[in-house]
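J.: My questions are about this predicted structure, shown below with the sequence.
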Amino acid sequence: MFAVGLTGGIGSGKTTVADLFATHGVAIVDTDVIAHRITAPGGAAMPLIAQAFGPQFVAPDGSLDRARMRALVFSDDAARARLEAITHPLIRAETEREREASAGPYVVIVVPLLVESGTWKSRVERVLVVDCSVETQIARVMRRNAFSREQVLAIIARQATRDERLAAADDVIVNDNAPLEQLTQQVQRLHQRYLALAGAGRA
Ligand SMILES: CC(C)(COP(=O)(O)OP(=O)(O)OC[C@H]1O[C@@H](n2cnc3c(N)ncnc32)[C@H](O)[C@@H]1O)[C@@H](O)C(=O)NCCC(=O)NCCS
Ligand SMILES: Nc1ncnc2c1ncn2[C@@H]1O[C@H](COP(=O)(O)OP(=O)(O)OP(=O)(O)O)[C@@H](O)[C@H]1O
């Protein structure tokens with residue numbers, strides 16, 4: 001199925017935009033949601049994480065201790081690479097499975113690390129970037145997650161820059177606190193374009 005890869009930095013508004021595509025009956029596959037599922041109690045990544053990082057990274061209910069892992073991987077590049085080596089193959093396989101099972105005119109795949117991890121770009125027909133300023137990202141994530149400015153900056157520093165993301169984009173949604181109507185219109189316009197592209201691919 002025709003797939004749009006939806007990406008953007010932390011707090012840029014990917015989920016907000018994906019929800020608007022869903023109102024048009026478009027299938028959504030969200031790799032952040034899959035990442036949470038595989039690290040929930042009984043999740044496929046948990047035995048591998050316990051083995052590689054130790055039992056102190058497993059919460060009493062058997063899920064990932066997210067705060068402990070976040071503190072480690074956003075200050076230690078080697079640890080982040082080890083975590084990604086466990087989670088990314090599982091996330092990719094589950095994403096492909098959900099993509100195949102999707103119904104609708106096309107699928108939007110939400111991939112925070114689409115530009116960073118390389119392999120995703122060749123798996124989607126179109127790259128859609130949700131863009132906003134770094135200050136907007138910081139303000140949103142500090143408010144939503146009760147993180148300090150330093151915590152948000154540590155995550156942003158491990159992600160692609162705005163320019164790197166924009167260079168990879170086929171389409172861009174500007175979301176610097178855009179009013180909902182403006183976002184809705186941007187999504188409506190892109191939806192028409194993707195319907196045409198998906199239809200042309202099938203013809
Ligand atoms: C490090 C973890 C435990 C932090 O958990 P937490 O609940 O705080 O964050 P959550 O999973 O909701 O992710 C929030 C955002 O953090 C950013 N982020 C997550 N993982 C990474 C990473 N490896 N590199 C850079 N940014 C990342 C993304 O913008 C993501 O949207 C978690 O993000 C994780 O398991 N990451 C590895 C899996 C992964 O790469 N996920 C990204 C989707 S492919
Ligand atoms: N246009 C907007 N106006 C006001 N608030 C917004 C806007 N867009 C997003 N937000 C808010 O900013 C926060 C981050 O948005 P969202 O969760 O959609 O981003 P995300 O890119 O999916 O984040 P993450 O990378 O952390 O998964 C949310 O609390 C959301 O409600």
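T.: Noted; the coordinates are in hand. Residues are numbered from 1 along each chain as shown. Ligands and ions are numbered 1, 2, ... in the order given.
J.: In terms of pLDDT, where does Phe147 sit?
T.: With respect to pLDDT, Phe147 scores 94.
J.: and the chain, what are its domains?
T.: Domain segmentation of the chain under automatic domain parsing yields 1-26+106-203, 31-103.
J.: quick check, stretch 13-26 touching ligand 2?
T.: Yes: legend: contact between stretch 13-26 and ligand 2 by Cβ under 6 Å from any ligand atom is shown at Gly13, Lys14, Thr15, Thr16. Every residue, glycine included, has its C-beta placed from N, CA and C.
J.: ok, back up a step: most packed of the domains of the chain?
T.: The highest average neighbour count among the domains of the chain, using mean count of other Cβ atoms under 10 Å, belongs to domain 1-26+106-203 at a mean of 17.
J.: does ligand 2 sit close to the longest helix along the chain?
T.: Across the chain, the longest stretch assigned as helix under DSSP state H is helix 77-101. No: contact of helix 77-101 with ligand 2 (Cβ under 6 Å from any ligand atom) is absent, the minimum separation being 14.0 Å.
J.: tell me what that helix is packed against?
T.: Secondary-structure packing of helix 77-101 (3 or more Cβ pairs under 8 Å, 6 or more residues apart in numbering; DSSP states H and E): strand 27-30, helix 31-38, helix 46-53, helix 66-73, strand 107-110.
J.: can you tell if the second one touches ligand 2?
T.: Yes: with Cβ under 6 Å from any ligand atom as the criterion, ligand 2 is reached by helix 31-38 at Asp32.
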